[in-house]
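*Asks:* got a sequence here, can you build the structure:
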Amino acid sequence: MIPSTDTEHTVLPDRRILITGGVRSGKSRYAEALRTAPGAILIDCLGTWLTAVIDRLGTWEEPLGSWQGAFHDQLQDLITAWRARRGLALAVTNEVGWGLVSPYRSGRVFTELLGVVNQEMAAVSDEVIMIVAGRALQL
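*Replies:* I've put the predicted structure just below:
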């Protein structure tokens, strides 16, 4: 359910909230409904961030072992910025690993790395919310 009043979901200042869910689950709409505080930021989506990192590194066709360190450096920069953020910060991400396994190496690497991104972001977030069929489940 998309929060419609403060009684359904109270968003406190200086909060970092990670919102995850499957494709078309309602996660972006949920995040938009929470983004009411002045100065609030919304990152939608961490999968897009990951794609941009891999593009910048130019490593879609390279063995993961040859660039995993550079990826982790980029991820640590994101984590540092996320932790330092003051005010309301919302990040939307795709839940991965529940669907089919990609027949392409690049798809499997993307799924693996987005799983790492999601775990690391969840570990430094104040709240993690999973959206399933439009329903918010606090983890």
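*Asks:* if I pick A133, what's in contact with it?
*Replies:* By Cβ atoms under 8 Å, 6 or more residues apart in numbering, the contact set of A133 is 25-26. Heads up, the C-betas are built off the backbone N, CA and C, glycines and all.
*Asks:* so the spatially most central residue of the chain, which of the three states?
*Replies:* What sits nearest the mean C-alpha location of the chain, by Cα atoms, centre = their mean, is T93, with 3.1 Å. Here T93 takes the strand state, with states given by DSSP: H, G, I helix; E, B strand; the rest coil.
*Asks:* who's it bridged to?
*Replies:* T20 (DSSP bridges).
*Asks:* how deep is A70 tucked in, by neighbour count?
*Replies:* Per other Cβ atoms under 10 Å, the neighbour tally for A70 reads 13.
*Asks:* from T51, how far off is the nearest residue in space to it that is not next to it in sequence?
*Replies:* Distances taken as Cβ to Cβ, 6 or more residues apart in numbering place L57 nearest to A70, at 5.6 Å, with adjacent residues excluded. Remark: distance between L57 and T51 (Cβ to Cβ, to the nearest Å) = 11 Å.
*Asks:* try W82
*Replies:* The gap separating W82 from T51 is 18 Å, by Cβ to Cβ.
*Asks:* on that earlier part again, just checking, the residue nearest to the centre of the chain touches N118?
*Replies:* Yes. With contact defined as Cβ atoms under 8 Å, T93 reaches N118; the gap is 5.4 Å.
*Asks:* identify the contacts common to these two.
*Replies:* 18, 20, 46.
*Asks:* which ones are touching the last one?
*Replies:* Meaning L46. Counting by Cβ under 8 Å, 6+ apart, L46 touches 91-94, 114, 117-118, 121.
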